[in-house]
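Chemist: Structure for the following, please:
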Amino acid sequence: MVLLRVLLLLSITLFGPLDLQAQSKRAKRVGPSAYSAGGPCDTSAWKLVFHDEFDGPALDRSKWVTYFTFSDDGSDRCPGCRIMGTSNTVFRDDLVTVRDGMLVLGVEARPEEWYGQRKEHAGGMVHSIGNAHFSHGRFEVRCRIPKGAGLWPAFWGFGGETEIDVFEFCGERPKWMKGSVHRWGKTKYSNTGKHRSVDLSADFHDYAVEWDGDAVRWYLDGRLVHSRARFVDRRGRPLPACDRAPGELATAPYFPRATDGINLILDLAVSEPKGYCNGPKMPVAWPADAVFEVDHVRVYQRQPEPHLRDLCGEVRAIAPADPNAVPPQTGSSQRFVLSGPPAKVEWTTSTGLELIATEGNTVEVRMRPNARGPQWIEASVSGDPCNSGILNVRTAVAIAR
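Modeler: Residues are numbered from 1 along each chain as shown. Coordinates of the predicted model:
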């Protein structure tokens, strides 16, 4: 009996810590069980619910702010509102511009301080607000990342305990795209995938993440490069997202929570030395092309959430701004509006009409004295997120005889 007790104590001493360590590693890969309904994947069409083509003269403040909204009132008055993690950066408004149809996030080597925290660089960032928070969807960006040791461009979503990184790059390794999911509960769970490509700082590329109830998928230029599933086997290996038999299955503890709505964030930071990236030990001036250029951001959902709508579900048509207005007579003017999804519009008219003013989807025209017969207005929509190519919509304006 004594010998048995000694052997038992030895086994606990020798193998107990190893078992606990193995259990800890397994807990990072295998979470609680949940019921899986199984069945095929949802292949219904994606519907556009949010987008910004950055075609205006300035940042659309109804969609974006230039800081993290961590304060009680949604302002930037909090210690973490303009500083991020291990970055050596304070985010400043003057490094966020919209020009030539692009959102441009810049970076400068200049000392900054925020709530007593000193940093050596200033950077630019935008954070979506209002209805731009999403549970599930397809999140797309077309952009060009900058190159330079320590630069840290990212496109990601955050809300509640959920973070989904569509991409993060280190400027010293622009061929390596990193995509991650994080759960920020009492215990942090993370999973990161890496994909090696060409030098992605040399040109614009399309990046996307699809997040649904059973999987997160990462795409580069339309090609699937990484995925993670909600359900895993007993070793933590992802199970197929589709065509499973119904039943109880283990879940991945890092998988995004469906109850968390995420806001979108684009930022250009500089890493601390030996931080996430190889940040510079001493600040040096960044070259002029060390900017994060964003052509557009688009979000799609298969079934729009109650606070969202299908922006492409409306038919484009031109009509008088005042439905009770009579057709313009010689020398008089009238305003017309293009209905349907918001997009960049170029207006043209017949020779009998004169363009007085254009603003977005609205145009004002005046009837010329020499106008003869019916006249027309044409709206040409380019870069349309709802339709490929150019959509021309015409309306006829009758001239009083």
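
Chemist: mind listing what's buried in stretch 128-135?
Modeler: Buried residues in stretch 128-135, counting neighbours by 16 or more other Cβ atoms under 10 Å, are found at Ser128, Ile129, Ala132, His133, Phe134, Ser135. (Each C-beta comes from the backbone N, C-alpha and C, glycine too.)

Chemist: Which residues are in contact with the residue positioned nearest the centre of the chain?
Modeler: Closest to where the C-alpha atoms of the chain average out (Cα atoms, centre = their mean) is Leu264, at 4.7 Å. Residues in contact with Leu264 (Cβ atoms under 8 Å, 6 or more residues apart in numbering) are His127, Ser128, Ala132, Phe134, Phe139, Phe155, Trp156, Gly157, Val297, Val299.

Chemist: between these, which is closest to Asp289?
Modeler: Set against Asp289, the nearest of those by Cβ to Cβ is Phe155 (19.0 Å).

Chemist: So the protein: which segments form each domain?
Modeler: 29-301, 317-397 (automatic domain parsing).

Chemist: which one of these has the lowest average pLDDT?
Modeler: Ranked by mean pLDDT, these bottom out at domain 317-397, with a mean of 82.

Chemist: Met367 contacts Leu355, doesn't it?
Modeler: No - in this structure Met367 lies outside contact range of Leu355 using Cβ atoms under 8 Å: 11.9 Å.

Chemist: Which one of these two is surrounded by more residues?
Modeler: Counted by other Cβ atoms under 10 Å, Met367 and Leu355 do not tie: Met367 has more neighbours, with 21 against 13.

Chemist: Report how many residues lie close to the residue nearest to the more buried one when sequence neighbours are not counted.
Modeler: Closest residue in space to Met367, ignoring its immediate chain neighbours: Pro328 at 4.5 Å, by Cβ to Cβ, 6 or more residues apart in numbering. The local packing of Pro328 (other Cβ under 10 Å) involves 21 other residues.

Chemist: Also Lys25?
Modeler: Lys25: 11 neighbours (other Cβ under 10 Å).

Chemist: Can I take it that it is in a helix?
Modeler: Yes - assessed with DSSP: H, G, I helix; E, B strand; the rest coil, Lys25 lies in a helix.

Chemist: For it, list the residues it contacts.
Modeler: No contacts exist for Lys25 under Cβ under 8 Å, 6+ apart.

Chemist: CA atoms only for the strand or helix carrying the residue nearest to the centre of the chain, dumped as CSV, please.
Modeler: For Leu264, the element it lies in under DSSP states H and E is strand 262-270. Written as CSV, here are the backbone C-alpha positions of strand 262-270 (Å, rounded to 0.1, in the frame of the first residue of the first chain):
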residue,chain,number,x,y,z
ILE,A,262,-18.4,45.4,-35.2
ASN,A,263,-17.5,48.8,-36.5
LEU,A,264,-15.0,49.2,-39.3
ILE,A,265,-11.5,50.8,-38.7
LEU,A,266,-8.8,51.7,-41.2
ASP,A,267,-5.6,53.0,-39.7
LEU,A,268,-1.9,53.7,-40.4
ALA,A,269,0.3,53.5,-37.3
VAL,A,270,4.0,53.1,-36.5
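
Chemist: for whichever helix or strand comes after that strand, packing partners?
Modeler: Once the chain leaves strand 262-270, the next helix or strand it forms, by DSSP H and E, is strand 292-301. Here strand 292-301 touches strand 47-52, strand 102-105, strand 137-144, strand 262-270, going by 3 or more Cβ pairs under 8 Å, 6 or more residues apart in numbering; DSSP states H and E.

Chemist: ok now strand 292-301, how far from the chain's centre?
Modeler: Centroid separation for strand 292-301 versus its chain: 6 Å, with Cα atoms, centre = their mean, to the nearest Å.

Chemist: Paired strands for that strand, with orientation please.
Modeler: strand 47-52 (antiparallel), strand 102-105 (antiparallel), strand 137-144 (antiparallel) (DSSP bridges).

Chemist: Any chance of a markdown table for the ones you listed, columns mean neighbour count and distance to Leu59?
Modeler: Shown next, in a markdown table, are the strands paired with strand 292-301 (neighbours: other Cβ atoms under 10 Å; distance: least, Cβ to Cβ, whole Å):
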| stretch | mean neighbour count | distance to Leu59 |
| --- | --- | --- |
| strand 47-52 | 22 | 9 |
| strand 102-105 | 22 | 7 |
| strand 137-144 | 21 | 16 |
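
Chemist: thinking again about what came up before, and the residue nearest to Met367, what element?
Modeler: Pro328 belongs to no helix or strand, assigned by DSSP H and E.

Chemist: Return the backbone torsion pair for it.
Modeler: Per-residue torsions, Pro328: phi -70, psi 140 (degrees, to the nearest 10).

Chemist: how near is it to Phe292?
Modeler: 46 Å (Cβ to Cβ, to the nearest Å).

Chemist: can you check Val337 too?
Modeler: 34 Å.

Chemist: Lovely, talk soon.
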